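K.L.:
just coords:
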(Lines give C-alpha, C1' and ligand atoms only; values in the text may rest on other atoms or scores of the structure.)
Protein backbone atom coordinates (compact mmCIF):
# COMPACT_ATOMS: atom_id res chain seq x y z
CA UNK A 1 0.00 0.00 0.00
CA UNK A 2 1.30 3.40 -0.97
CA UNK A 3 0.78 6.29 1.47
CA UNK A 4 1.17 9.82 0.14
CA UNK A 5 1.13 12.72 2.58
CA UNK A 6 0.91 16.32 1.45
CA UNK A 7 1.36 19.17 3.92
CA UNK A 8 0.21 22.69 3.16
CA UNK A 9 1.68 25.34 5.45
CA UNK A 10 2.88 22.43 7.61
CA UNK A 11 6.03 20.34 7.79
CA UNK A 12 5.28 16.58 7.84
CA UNK A 13 7.27 15.11 10.74
CA UNK A 14 8.13 11.50 11.53
CA UNK A 15 5.48 11.51 14.31
CA UNK A 16 2.79 12.46 11.79
CA UNK A 17 4.02 9.75 9.36
CA UNK A 18 4.02 7.09 12.10
CA UNK A 19 0.53 8.11 13.27
CA UNK A 20 -0.80 7.98 9.70
CA UNK A 21 0.81 4.56 9.20
CA UNK A 22 -1.13 3.25 12.25
CA UNK A 23 -4.35 4.75 10.87
CA UNK A 24 -3.68 3.23 7.42
CA UNK A 25 -3.09 -0.17 9.02
CA UNK A 26 -6.43 0.14 10.84
CA UNK A 27 -8.21 0.97 7.56
CA UNK A 28 -6.51 -1.90 5.77
CA UNK A 29 -7.46 -4.30 8.58
CA UNK A 30 -11.13 -3.39 8.09
CA UNK A 31 -11.30 -3.40 4.30
CA UNK A 32 -8.42 -5.46 3.00
CA UNK A 33 -5.54 -4.54 0.71
CA UNK A 34 -5.51 -0.92 -0.42
CA UNK A 35 -3.76 0.47 -3.47
CA UNK A 36 -3.17 3.99 -2.20
CA UNK A 37 -3.99 6.37 0.64
CA UNK A 38 -3.52 10.06 -0.03
CA UNK A 39 -3.71 12.48 2.90
CA UNK A 40 -3.65 16.27 2.54
CA UNK A 41 -3.11 18.25 5.74
CA UNK A 42 -3.64 22.01 5.63
CA UNK A 43 -2.75 24.29 8.54
CA UNK A 44 -4.65 27.59 8.69
CA UNK A 45 -4.28 29.91 11.68
CA UNK A 46 -5.71 27.90 14.60
CA UNK A 47 -7.22 24.91 12.79
CA UNK A 48 -6.17 21.88 10.79
CA UNK A 49 -8.05 20.60 7.78
CA UNK A 50 -7.40 17.03 6.64
CA UNK A 51 -8.57 15.24 3.51
CA UNK A 52 -8.12 11.52 2.97
CA UNK A 53 -8.66 9.58 -0.25
CA UNK A 54 -8.46 5.80 -0.10
CA UNK A 55 -8.28 3.77 -3.30
CA UNK A 56 -8.84 0.02 -3.41
CA UNK A 57 -9.38 -2.41 -6.29
CA UNK A 58 -13.15 -1.98 -6.58
CA UNK A 59 -13.92 1.06 -4.44
CA UNK A 60 -12.63 4.45 -3.40
CA UNK A 61 -13.49 6.56 -0.38
CA UNK A 62 -13.00 10.24 0.41
CA UNK A 63 -13.48 12.20 3.62
CA UNK A 64 -12.63 15.58 5.15
CA UNK A 65 -12.29 16.77 8.74
CA UNK A 66 -11.47 20.06 10.47
CA UNK A 67 -10.48 20.64 14.10
CA UNK A 68 -8.16 22.75 16.21
CA UNK A 69 -5.81 19.82 16.86
CA UNK A 70 -3.85 17.95 14.21
CA UNK A 71 -4.18 14.39 15.54
CA UNK A 72 -7.89 14.87 16.29
CA UNK A 73 -8.39 15.91 12.65
CA UNK A 74 -6.56 12.75 11.51
CA UNK A 75 -8.73 10.63 13.83
CA UNK A 76 -11.89 12.31 12.53
CA UNK A 77 -11.09 11.71 8.88
CA UNK A 78 -10.10 8.10 9.61
CA UNK A 79 -13.37 7.48 11.46
CA UNK A 80 -15.33 8.86 8.50
CA UNK A 81 -13.46 6.57 6.09
CA UNK A 82 -14.10 3.56 8.37
CA UNK A 83 -17.81 4.47 8.47
CA UNK A 84 -17.92 4.60 4.66
CA UNK A 85 -16.19 1.21 4.47
CA UNK A 86 -18.73 -0.29 6.91
CA UNK A 87 -21.67 1.03 4.83
CA UNK A 88 -20.02 -0.21 1.62
CA UNK A 89 -19.55 -3.71 3.04
CA UNK A 90 -23.19 -3.80 4.19
CA UNK A 91 -24.40 -2.83 0.70
CA UNK A 92 -22.22 -5.47 -0.92
CA UNK A 93 -23.46 -8.10 1.56
CA UNK A 94 -27.09 -7.13 0.88
CA UNK A 95 -26.56 -7.38 -2.87
CA UNK A 96 -25.16 -10.89 -2.56
CA UNK A 97 -28.37 -12.11 -0.95
CA UNK A 98 -30.56 -10.81 -3.76
CA UNK A 99 -30.95 -12.81 -6.93
CA UNK A 100 -29.74 -10.60 -9.80
CA UNK A 101 -32.65 -9.61 -12.01
CA UNK A 102 -30.85 -10.98 -15.09
CA UNK A 103 -31.03 -14.45 -13.56
CA UNK A 104 -34.72 -14.00 -12.76
CA UNK A 105 -35.43 -12.86 -16.33
CA UNK A 106 -33.44 -15.76 -17.81
CA UNK A 107 -35.22 -18.26 -15.58
CA UNK A 108 -38.70 -16.94 -16.39
CA UNK A 109 -38.10 -16.47 -20.12
CA UNK A 110 -37.39 -19.90 -21.59
CA UNK A 111 -35.72 -20.11 -25.00
CA UNK A 112 -38.03 -19.60 -27.99
CA UNK A 113 -38.01 -23.30 -28.87
CA UNK A 114 -39.78 -24.17 -25.61
CA UNK A 115 -42.33 -21.37 -25.80
CA UNK A 116 -45.35 -23.35 -27.02
CA UNK A 117 -45.01 -26.85 -25.64
CA UNK A 118 -47.92 -29.02 -24.71
CA UNK A 119 -47.31 -30.94 -21.52
CA UNK A 120 -48.39 -34.54 -21.58
CA UNK A 121 -49.82 -36.01 -18.39
CA UNK A 122 -47.34 -38.08 -16.40
CA UNK A 123 -47.44 -41.86 -16.82
CA UNK A 124 -47.65 -42.21 -13.02
CA UNK A 125 -51.07 -40.52 -12.96
CA UNK A 126 -53.95 -42.68 -14.18
CA UNK A 127 -55.68 -41.28 -17.26
CA UNK A 128 -59.10 -40.29 -15.95
CA UNK A 129 -61.55 -37.55 -16.74
CA UNK A 130 -60.26 -35.64 -13.69
CA UNK A 131 -56.70 -35.31 -15.00
CA UNK A 132 -56.44 -31.87 -16.57
CA UNK A 133 -54.65 -31.30 -19.81
CA UNK A 134 -51.99 -28.63 -19.29
CA UNK A 135 -51.08 -26.28 -22.12
CA UNK A 136 -48.37 -23.67 -21.56
CA UNK A 137 -49.55 -20.28 -22.77
CA UNK A 138 -46.96 -17.74 -23.88
CA UNK A 139 -47.31 -14.56 -21.85
CA UNK A 140 -45.16 -11.49 -21.91
CA UNK A 141 -42.50 -11.00 -19.22
CA UNK A 142 -41.01 -7.53 -18.81
CA UNK A 143 -37.24 -7.89 -19.10
CA UNK A 144 -36.36 -4.80 -17.09
CA UNK A 145 -37.32 -4.06 -13.48
CA UNK A 146 -40.27 -1.67 -13.23
CA UNK A 147 -42.64 -0.16 -10.71
CA UNK A 148 -46.27 -1.23 -10.44
CA UNK A 149 -47.38 1.98 -12.18
CA UNK A 150 -45.00 1.35 -15.08
CA UNK A 151 -46.23 -2.25 -15.33
CA UNK A 152 -49.86 -1.06 -15.42
CA UNK A 153 -48.99 1.36 -18.21
CA UNK A 154 -47.19 -1.42 -20.11
CA UNK A 155 -50.17 -3.74 -19.71
CA UNK A 156 -52.60 -1.04 -20.83
CA UNK A 157 -50.60 -0.06 -23.94
CA UNK A 158 -49.68 -3.65 -24.87
CA UNK A 159 -53.26 -4.90 -24.91
CA UNK A 160 -52.38 -8.10 -23.06
CA UNK A 161 -54.37 -9.53 -20.18
CA UNK A 162 -51.39 -10.59 -18.00
CA UNK A 163 -47.96 -9.18 -17.33
CA UNK A 164 -45.23 -10.80 -15.26
CA UNK A 165 -42.67 -8.24 -14.16
CA UNK A 166 -39.74 -7.83 -11.80
CA UNK A 167 -40.79 -5.26 -9.21
CA UNK A 168 -38.05 -2.60 -9.02
CA UNK A 169 -38.83 -1.85 -5.37
CA UNK A 170 -38.97 -5.39 -3.94
CA UNK A 171 -36.86 -7.29 -6.52
CA UNK A 172 -39.54 -9.99 -6.67
CA UNK A 173 -41.56 -11.27 -9.59
CA UNK A 174 -45.11 -9.85 -9.52
CA UNK A 175 -48.15 -10.47 -11.69
CA UNK A 176 -50.44 -7.74 -12.98
CA UNK A 177 -53.70 -8.70 -14.72
CA UNK A 178 -56.73 -6.94 -16.12
CA UNK A 179 -60.15 -7.93 -14.80
CA UNK A 180 -63.32 -8.11 -16.88
CA UNK A 181 -64.44 -4.78 -15.43
CA UNK A 182 -61.28 -3.06 -16.70
CA UNK A 183 -59.59 -2.78 -13.30
CA UNK A 184 -56.09 -4.11 -12.67
CA UNK A 185 -55.26 -6.87 -10.21
CA UNK A 186 -51.82 -7.11 -8.67
CA UNK A 187 -50.41 -10.38 -7.29
CA UNK A 188 -47.44 -10.24 -4.91
CA UNK A 189 -45.95 -13.60 -3.90
CA UNK A 190 -45.77 -14.35 -0.18
CA UNK A 191 -43.06 -16.84 0.71
CA UNK A 192 -43.63 -18.69 3.96
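P.N.:
Looks like it came in fine. Everything numeric here is computed off the predicted structure, so don't read it as measured data.
K.L.:
In terms of helix, strand or coil, where does the nearest residue to residue 184 once chain neighbours are set aside fall?
P.N.:
Spatially, and ignoring its direct neighbours in sequence, residue 184 is nearest to residue 152 (5.4 Å; CB to CB, 6 or more residues apart in numbering). To be clear about C-beta, it is placed using only N, CA and C from the backbone, and glycine gets the same treatment. Secondary structure of residue 152, reduced to three states by DSSP: H, G, I helix; E, B strand; the rest coil: helix.
K.L.:
Tell me how many other residues surround residue 152.
P.N.:
Taking other CB atoms under 10 Å as the neighbour definition, residue 152 ends up with a count of 17.
K.L.:
Read off the pLDDT value for it.
P.N.:
For residue 152, the pLDDT comes out at 84.
K.L.:
do residue 186 as well
P.N.:
Predicted confidence (pLDDT) at residue 186: the value is 86.
K.L.:
Whichever helix or strand it is part of pairs with which strands?
P.N.:
Mapping residue 186 onto the secondary structure by DSSP states H and E places it in strand 184-187. Strand pairing for strand 184-187, using DSSP bridges, gives strand 173-178 (antiparallel).
K.L.:
If we go by neighbour counts, what in the strand it pairs with is buried?
P.N.:
Counting neighbours by 16 or more other CB atoms under 10 Å, one finds that the buried residues in strand 173-178 are 173, 174, 176, 177, 178.
K.L.:
I'd like those laid out as CSV, including distance to residue 162.
P.N.:
Formatted as CSV, the entries for the buried residues of strand 173-178 read as follows, by distance: CB to CB, whole Å:
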residue, distance to residue 162
173, 12
174, 11
176, 7
177, 5
178, 8
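K.L.:
Distance check, the nearest residue to residue 35 once chain neighbours are set aside against residue 6.
P.N.:
In space, and not counting its chain neighbours, residue 35 is closest to residue 55: 4.8 Å by CB to CB, 6+ apart. Computed with CB to CB, to the nearest Å, the distance linking residue 55 and residue 6 is 15 Å.
K.L.:
Compare the two (neighbour count), which wins?
P.N.:
When residue 55 and residue 6 are compared for neighbours, residue 55 comes out ahead with 15 against 12, by other CB under 10 Å.
K.L.:
Pretty sure residue 38 sits against residue 20.
P.N.:
No: applying CB atoms under 8 Å, one finds residue 38 not in contact with residue 20, separated by 10.7 Å.
K.L.:
Can you give me the domain boundaries for this structure?
P.N.:
Taking automatic domain parsing as the criterion, the chain consists of the domains 2-97, 101-111+133-187.
K.L.:
what distance separates the longest one from the middle of the whole chain?
P.N.:
Centroid displacement of domain 2-97 relative to its chain, using CA atoms, centre = their mean, to the nearest Å, is 25 Å.
K.L.:
which residues are common contacts for residue 38 and residue 20?
P.N.:
Here residue 38 and residue 20 have residue 3 as joint contacts, going by CB atoms under 8 Å, 6 or more residues apart in numbering.
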